[in-house]
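In: Below are the sequence and a predicted model; questions follow.
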Amino acid sequence: MQFHLPADKMPTAWYNALPEMPEPMQPPLHPGTREPVGPDDLAPLFPMALIQQEMSGDIWVDIPGEVIDILRLWRPTPLVRATRLEQALGTPARIYFKDESVSPAGSHKPNTAVPQAFYNKQEGVNRLTTETGAGQWGTALSFATAQYDMECKVYMVRASYNQKPYRKILMETWGGEVVPSPIADPDHPGSLGLAISDAVADAVGRTDTHYALGSVLNHVLLHQTVIGLEAKDQLELAGERTPDVVVGCCGGGSNLGGIALPFMTDPKVRLLAAEPASCPTLTEGTFEYDFGDSAGMTPLMPMYTLGADFVPPSIHAGGLRYHGDSPIISALVKAGRMEAVAYPQGKTFEAAVQFARTEGKLPAPEAGHVLRAVIDEALAAKELDEERVILFSYCGHGFLDLAAYDDFNNGRLIDA
Ligand SMILES: *Cc1c(COP(=O)(O)O)cnc(C)c1O
């Protein structure tokens, strides 16, 4: 029950949602003046090609051939119908997942790491800094910079640095340098906001260095649309017209945006975000301008936020711990175009284990959130005796998250 696109059917352009949003987007604001930021304000951090993509009014943006060459290492990714999960649930729903776990880093993140490294290299920048939480983004960027012979320095949230030694080994194997964050306070468990501050401070302090962000920003969601664009063609191969609902887990919003945005203009398709109850940005945050980092160095973005000084509870195992959310995703939720649901982590691990025992694949804890939402959708369809086509982003595998499964299997995971 796998649907494969031939290599020559890989998308050659990304889909840009900005010109087709239900309501025009509010601009990011300069942290000092609170005026809309211009390209020059962002130039110390990003190459001009990415800044243009951040603000682009074009619906289609060509993918450079040098990027396609590297994406081809694992793309197009399979679309899989989860028939054994369907049978276990006894649902009339048809469940399809886009398997982004087959990438080198084991998640969707290399889809944007590769073009981000490429555009920096093209502008003559040979060193990138970044933050990483669970370690997925740091590994993806370390892989991508290795492809273009660049340096990569990763500021890793200290709690993860201590709990997840294998992610660090993977980053170092690809040539990345990894340090625990916050660097100034060795007793602090860290947060994504603090690690972003460390990485941005490093990049603005050196002329040979730029910064790369793995989620949230418009250009990141743009690059991730290869997921949804391929899925559209593959659903056709599977004999489906359109999905009834498209689901993704949401940390900063990039894999969700990647699978959902290409369906955004079709009003028949429901869009659904799944997030953790311990970091409930879309379901309990407020929509306002807030900083992307804790130190207030980044532009202010219009988004749902829990506050830039939010530090997630350290009991939370499964990523998705950012205080804010992508402005695009936030705007879709605010406009009522996208729904959001939050789950305590015990429920997400139950769903992940059910998927592992039926489909065989071991989900990243983040993917446990989307699986919870997908299983609930399939059970609701059963209740209503309704055919429902569910498409979701299987954002990553959990082979480097086995300690969290060990906690769950042995009743040590706190269900919050
Ligand atoms: C980083 C990551 C996420 C969360 O980030 P988004 O930008 O919301 O996609 C989800 N799943 C996996 C596997 C990740 O690595």
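Out: Cool, got the structure.

In: Please count neighbours and contacts with C-alpha atoms only from this point.
Out: OK.

In: could you say which helix or strand contains the residue nearest to Gly251 when sequence neighbours are not counted?
Out: Take Gly251 and drop its neighbours on the chain: the residue closest to it by CA to CA, 6 or more residues apart in numbering is Leu320, 3.8 Å away. Using DSSP states H and E, Leu320 sits in no helix or strand.

In: so what's Leu320 up against?
Out: Cys250, Gly251, Gly252, Glu275, Pro276, Cys279, Glu366 (CA atoms under 8 Å, 6 or more residues apart in numbering).

In: quick check, the last one in a helix?
Out: So the one you mean is Glu366. Yes. The assignment for Glu366 (DSSP: H, G, I helix; E, B strand; the rest coil) places it in a helix.

In: just to revisit the earlier point, please list only the buried members of the contacts of Leu320.
Out: Buried residues within the contacts of Leu320, counting neighbours by 16 or more other CA atoms under 10 Å: Cys250, Gly251, Gly252, Glu275, Pro276, Cys279, Glu366.

In: Tell me the spacing between Gln401 and Glu86.
Out: Actually, residue 401 is Asp. It isn't Gln. With distances taken as CA to CA, to the nearest Å, Asp401 is found 25 Å from Glu86.

In: now Ala416
Out: Taking CA to CA, one finds Ala416 at 28 Å from Glu86.

In: out of these two, which sits in the busier spot?
Out: Neighbours around Ala416 and Glu86, counted as other CA atoms under 10 Å, are more numerous at Glu86. The numbers are 20 against 14.

In: helix, strand or coil for the more buried one?
Out: Once three-state DSSP is applied, Glu86 turns out helix.

In: okay, the residue nearest in space to the middle of the chain: pLDDT?
Out: The residue lying closest to the centre of the chain (CA atoms, centre = their mean) is Ser254, at 3.5 Å. Per-residue pLDDT puts Ser254 at 98.

In: Now do the buried residues in the helix or strand of the chain with the lowest mean pLDDT.
Out: In the chain, no helix or strand scores lower on mean pLDDT, DSSP states H and E than helix 158-163, which sits at a mean of 90. For helix 158-163, the buried set under the neighbour-count rule, 16+ other CA under 10 Å, comprises Arg158, Ala159, Ser160, Tyr161.

In: The closest residue to Gln224 other than its chain neighbours: neighbouring residues, count only.
Out: Nearest non-adjacent residue to Gln224, counting by CA to CA, 6+ apart: Gly258, 4.2 Å away. Using other CA under 10 Å, Gly258 has 26 neighbouring residues.

In: what does Ala184 give?
Out: Quick note: Ala184 (other CA under 10 Å) scores 9 neighbours.

In: quick one, phi/psi of it?
Out: Here is the backbone geometry of Ala184 (degrees, to the nearest 10): phi -80, psi -10.

In: Repeat that for Pro243.
Out: Per degrees, to the nearest 10, the backbone of Pro243 is at phi -70, psi 150.

In: who in this structure is up against the ligand?
Out: Proximity of the chain to the ligand, by CA under 6 Å from any ligand atom, involves residues 107, 136, 215, 250-256, 320, 364, 366-367, 395-396.

In: how about a cut-off of 5 Å?
Out: Residues of the chain found near the ligand (CA under 5 Å from any ligand atom) are Ser107, Gln136, Ser215, Cys250, Gly251, Gly252, Gly253, Ser254, Asn255, Glu366, Cys395, Gly396.

In: Please tell me I have it right and Ile63 contacts Tyr15.
Out: No. With contacts counted by CA atoms under 8 Å, Ile63 stays clear of Tyr15, the gap being 10.2 Å.

In: quick one: which of these two has more around it?
Out: Per other CA under 10 Å, whichever of Ile63 and Tyr15 has more neighbours is Tyr15, with 22 against 15.

In: and the closest residue to the more buried one other than its chain neighbours, how many neighbours does it have?
Out: In space, and not counting its chain neighbours, Tyr15 is closest to Trp60: 5.1 Å by CA to CA, 6+ apart. The tally of other residues near Trp60 (other CA under 10 Å) stands at 14.

In: hang on, isn't Trp60 packed against Pro11?
Out: No. Judged on CA under 8 Å, Trp60 makes no contact with Pro11 at a distance of 10.8 Å.

In: Out of the buried residues of helix 158-163, the closest to Ala381 would be?
Out: Nearest to Ala381 out of the buried residues of helix 158-163 is Ser160 (CA to CA; 37.9 Å).

In: all helices of the stretch 301-416 of the chain, in order?
Out: Here the stretch 301-416 of the chain has its helices, by DSSP state H, counting those that start in this stretch, at 327-334, 345-359, 365-383, 402-409.

In: which helices and strands does the host helix or strand of the residue nearest to Gln224 pack with?
Out: Here Gly258, judged by DSSP H and E, is contained in helix 254-260. Under the contact definition 3 or more CA pairs under 8 Å, 6 or more residues apart in numbering; DSSP states H and E, helix 254-260 sits against helix 218-224, helix 226-237, strand 245-249, strand 389-394.

In: would you put the C-alpha positions of the last one in CSV?
Out: Extracted C-alpha coordinates of strand 389-394, given in CSV (Å, rounded to 0.1, in the frame of the first residue of the first chain):
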residue,chain,number,x,y,z
VAL,A,389,-9.8,10.4,3.8
ILE,A,390,-7.1,11.4,6.3
LEU,A,391,-3.7,12.6,5.2
PHE,A,392,-0.9,13.2,7.7
SER,A,393,2.7,14.1,7.9
TYR,A,394,4.8,11.3,9.4
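
In: what helices or strands is that strand leaning on?
Out: Using 3+ CA pairs under 8 Å, 6+ apart, strand 389-394 is in contact with strand 94-99, strand 245-249, helix 254-260, helix 365-383.

In: In CSV, list those along with distance to Pro299.
Out: Shown next, in CSV, are the helices and strands packed on strand 389-394 (distance: least, CA to CA, whole Å):
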stretch, distance to Pro299
strand 94-99, 33
strand 245-249, 25
helix 254-260, 19
helix 365-383, 27
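
In: tell me the most buried of these?
Out: helix 254-260 (a mean of 31; mean count of other CA atoms under 10 Å).

In: mind checking how far the next helix or strand after that one is from the chain centre?
Out: Elements were assigned by DSSP H and E; along the chain past helix 254-260, the next helix or strand is strand 270-276. Computed by CA atoms, centre = their mean, to the nearest Å, the chain-centroid distance of strand 270-276 equals 13 Å.

In: what's the angle between strand 270-276 and helix 345-359?
Out: 120 degrees (axes from the mean of the first three to the mean of the last three CA atoms, to 10 degrees).
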